[in-house]
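*Asks:* here is a sequence together with a model predicted from it:
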Amino acid sequence: MSELSLISLCKKFERSTPNEKVALDHISLEVNQGDFITILGSNGAGKSTLFNAILGKFPLDSGKIILDGENITKQKDYKRALNIGCLYQSPLKGTAPNMTIEENLALAYTRKAKRSFFAVNKKDSERFREMLSTLGLGLEDRMKTNMGLLSGGQRQAAALLMATIAEPKLLLLDEHTAALDPATADKVLALTKQIVEEQHLTCLMITHNMQSALDLGNRTIMMDRGRIILDVSGKERENLTVADLLEKFKVASGKGFDNDRMMLV
Ligand SMILES: Nc1ncnc2c1ncn2[C@@H]1O[C@H](COP(=O)(O)OP(=O)(O)OP(=O)(O)O)[C@@H](O)[C@H]1O
Ligand SMILES: [Mg+2]
């Protein structure tokens with residue numbers, strides 16, 4: 001059985017107005033437990049909208065979402081958040097900048113423990129310190145530092161830990177390294193790979209970097225105009241280069257690549 005089933009999801013924004021926009025056009029996807037799927041697509045293709053649909057940020061026009069056997073299509077977003085971890089481009093989104101790293105981790109951990117926010121006890125503190133030390137960023141010595149004072153890369157690394165500490169059924173990463181310099185982005189991506197593999201997480205990751213899309217995970221999909229136009233995995237994906245991917249995108253979408261912006265258009 002799939003961990004996540006998306007069944008013919010449809011969403012139009014500003015329906016029946018001159019600005020009507022088809023954001024999701026019959027999106028269907030079966031995601032197995034432990035799948036790490038990278039998602040590519042041009043600006044406005046519907047990638048973030050797909051995540052927002054899974055997170056319950058708006059009602060769908062039609063379609064069905066099943067997570068771990070449960071139909072969550074009509075479930076409130078705050079309930080889904082108990083099972084779905086997410087991380088965005090902005091390192092501040094989803095973290096409390098005026099709280100310490102330790103407090104942020106405790107808050108995220110509380111979700112799993114299903115109890116109200118608690119004072120961090122010694123045992124938890126030790127556990128957080130240990131987890132932070134695996135990041136290799138020296139954060140374990142800065143547990144009492146406010147999140148807002150960390151560098152972008154350190155914050156994304158800590159936020160990644162927050163998003164996964166409660167062992168979510170699903171992890172959604174929306175361009176979570178896009179705002180970082182290339183060296184830091186590489187570090188956070190390596191960390192992402194490590195955490196996803198160690199915890200056998202089911203993960204969807206949106207990126208504009210085609211090489212990372214092929215390097216990470218076990219399956220890559222491409223979106224265009226609210227549809228999935230390409231879905232590669234296994235042997236076919238193993239031998240795929242960025243040039244092959246571009247060619248496939250061109251054929252499937254009738255569009256091309258903007259060399260200046262290094263992006264699909
Ligand atoms: N809340 C909203 N209200 C109206 N239109 C929206 C809303 N959210 C998204 N859209 C529109 O839906 C389309 C898909 O947007 P979406 O943000 O999902 O694209 P994306 O693939 O994530 O693009 P990008 O790579 O730029 O992040 C766009 O045309 C966008 O303008
Ligand atoms: Mg987006």
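*Replies:* Thanks, I have the structure now. Ligands and ions are numbered 1, 2, ... in the order given.
*Asks:* surely Leu160 touches Ile195?
*Replies:* Yes. The criterion here is C-beta atoms under 8 Å, and Leu160 meets it with Ile195 at 6.4 Å. Every residue, glycine included, has its C-beta placed from N, CA and C.
*Asks:* just the element for Leu171, please.
*Replies:* Assigned by DSSP states H and E, Leu171 belongs to strand 170-174.
*Asks:* sheet partners, orientation included, of that strand?
*Replies:* strand 84-87 (parallel), strand 203-206 (parallel) (DSSP bridges).
*Asks:* now do the first one, average pLDDT.
*Replies:* Per-residue confidence for strand 84-87 averages out to 94 on the pLDDT scale.
*Asks:* now that strand, how far from the centre of its chain.
*Replies:* Mean-position distance between strand 84-87 and its chain equals 6 Å (C-alpha atoms, centre = their mean, to the nearest Å).
*Asks:* how about the helix or strand following that strand: buried residues?
*Replies:* Proceeding N to C from strand 84-87, the next assigned helix or strand is helix 101-113, under DSSP H and E. By 16 or more other C-beta atoms under 10 Å, the buried positions in helix 101-113 come out as Ile101, Glu102, Glu103, Asn104, Leu105, Ala106, Leu107, Ala108, Tyr109, Thr110, Arg111.
*Asks:* which residues does the closest residue to Leu150 other than its chain neighbours contact?
*Replies:* Among residues not flanking Leu150 along the chain, Ala158 sits closest, at 6.7 Å (C-beta to C-beta, 6 or more residues apart in numbering). Ala158 makes contact with Thr95, Ile101, Asn104, Leu105, Leu132, Leu135, Leu139, Met147, Leu150, according to C-beta atoms under 8 Å, 6 or more residues apart in numbering.
*Asks:* let's see it at 10 Å
*Replies:* For Ala158, the contacting residues are 91, 95, 101, 104-105, 108, 128, 131-132, 135, 137, 139, 142, 145, 147, 150, by C-beta atoms under 10 Å, 6 or more residues apart in numbering.
*Asks:* next: Ala185.
*Replies:* Ala185 sits next to Gly152, Gly153, Gln156, His176, Thr177, Ala178, Ala179, Thr207, Asn209, Ser212 when contact means C-beta under 10 Å, 6+ apart.
*Asks:* can you map out the strands along the protein?
*Replies:* Using DSSP state E, the strands found in the chain span residues 4-13, 21-31, 36-41, 62-67, 70-71, 84-87, 170-174, 203-206, 219-224, 227-233, 257-258, 263-264.
*Asks:* how close does the residue nearest to Leu150 sit to Thr177?
*Replies:* 14 Å (C-beta to C-beta, to the nearest Å).
*Asks:* same deal with Asp25?
*Replies:* Distance from Asp25 to Thr177, counting by C-beta to C-beta: 28 Å.
*Asks:* would you mind naming what in the chain lies close to ligand 1?
*Replies:* Within the chain, the positions near ligand 1 by C-beta under 6 Å from any ligand atom are Phe13, Glu14, Lys21, Ala23, Gly41, Asn43, Gly44, Ala45, Gly46, Lys47, Ser48, Thr49.
*Asks:* buried subset of these, written for PyMOL?
*Replies:* A single PyMOL command is used to select the members of the residues of the chain next to ligand 1 judged buried by 16+ other C-beta under 10 Å:
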select buried, resi 23+41+45+46+47+48+49
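*Asks:* any idea which residue is closest to the centre of this structure?
*Replies:* Closest to where the C-alpha atoms of the chain average out (C-alpha atoms, centre = their mean) is Leu173, at 1.5 Å.
*Asks:* distance-wise, check that residue relative to Phe51.
*Replies:* From Leu173 to Phe51 the distance is 9 Å (C-beta to C-beta).
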